[in-house]
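Colleague: I'll drop the sequence and a predicted model, then ask my questions.
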Amino acid sequence: MNLRISIAALAALFLSVTGAFAADPHRLAIHVDQNDPAVMNLALNNAANVKAFYAAKGEAVDIEIVAYGPGLNMYFAKSPVKDRISAMALENPEMHFSACGNTLKKMTEKAGHEIALLSEANVVPSGVVRLMELQSEGYSYVRP
């Protein structure tokens, strides 16, 4: 009798542990460092395709697109891809857009005035450091 209880307890523990792993979302970090709408659209396509793939399987995915250097232009309020970023952010609350604070500071100094970013862009201290943090948190890394 005690053996049956022990086996049942171990089975329940195994199921709860494997279930916990299955509930963890997949994670993807996408790196954009070019002032090129084609590159940003490729990054957005990658994000949309990954989201659709896992949604079809009933699985969650967290996606963060990190822009720095010339790529930060894609997060400017006047960006040629602003409408697509806004729509994707609205439709996908698990999708995040990080803007490099170092790049923004340098671009602001050079321009001599504040640079308006899209409301969806979250300024992080450093784009490169943010990518390092995401990778250390288990995010897969893609550079389109």
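Modeller: Perfect, thanks for sending it.

Colleague: let me see the backbone angles for the residue nearest the centre of the chain.
Modeller: Centroid check for the chain by Cα atoms, centre = their mean gives Glu64 as the closest residue, at 1.1 Å. Main-chain dihedrals, Glu64, degrees, to the nearest 10: phi -130, psi 130.

Colleague: looks like it contacts Glu137 (just checking).
Modeller: No - look at Glu64 against Glu137 with Cβ atoms under 8 Å: they stay out of range, at 10.0 Å. (C-beta placed from N, C-alpha, C; glycine too.)

Colleague: between those two, which contacts overlap?
Modeller: Common contacts of Glu64 and Glu137, defined by Cβ atoms under 8 Å, 6 or more residues apart in numbering, are absent altogether.

Colleague: who does the helix or strand where His31 lies pair up with?
Modeller: Using DSSP states H and E, His31 falls within strand 26-32. According to DSSP bridges, strand 26-32 forms sheet pairs with strand 61-67 (parallel), strand 140-142 (parallel).

Colleague: hmm, back to that, could you report the neighbour count for the closest residue to the residue nearest to the centre of the chain other than its chain neighbours?
Modeller: In this structure, Glu64 finds its nearest non-sequential neighbour in His96, 4.4 Å apart by Cβ to Cβ, 6 or more residues apart in numbering. Using other Cβ atoms under 10 Å, His96 has 18 neighbouring residues.

Colleague: for the helix or strand containing His96, give the mean pLDDT please.
Modeller: Here His96, judged by DSSP H and E, is contained in strand 95-100. For strand 95-100, the mean pLDDT works out to 98.

Colleague: same check, this time on stretch 106-118
Modeller: 97.

Colleague: same question for stretch 61-74.
Modeller: 98.

Colleague: how far is that stretch from where the chain is centred?
Modeller: 8 Å (Cα atoms, centre = their mean, to the nearest Å).

Colleague: ok, now stretch 79-89?
Modeller: Worked out by Cα atoms, centre = their mean, stretch 79-89 lies 15 Å from the chain centre.
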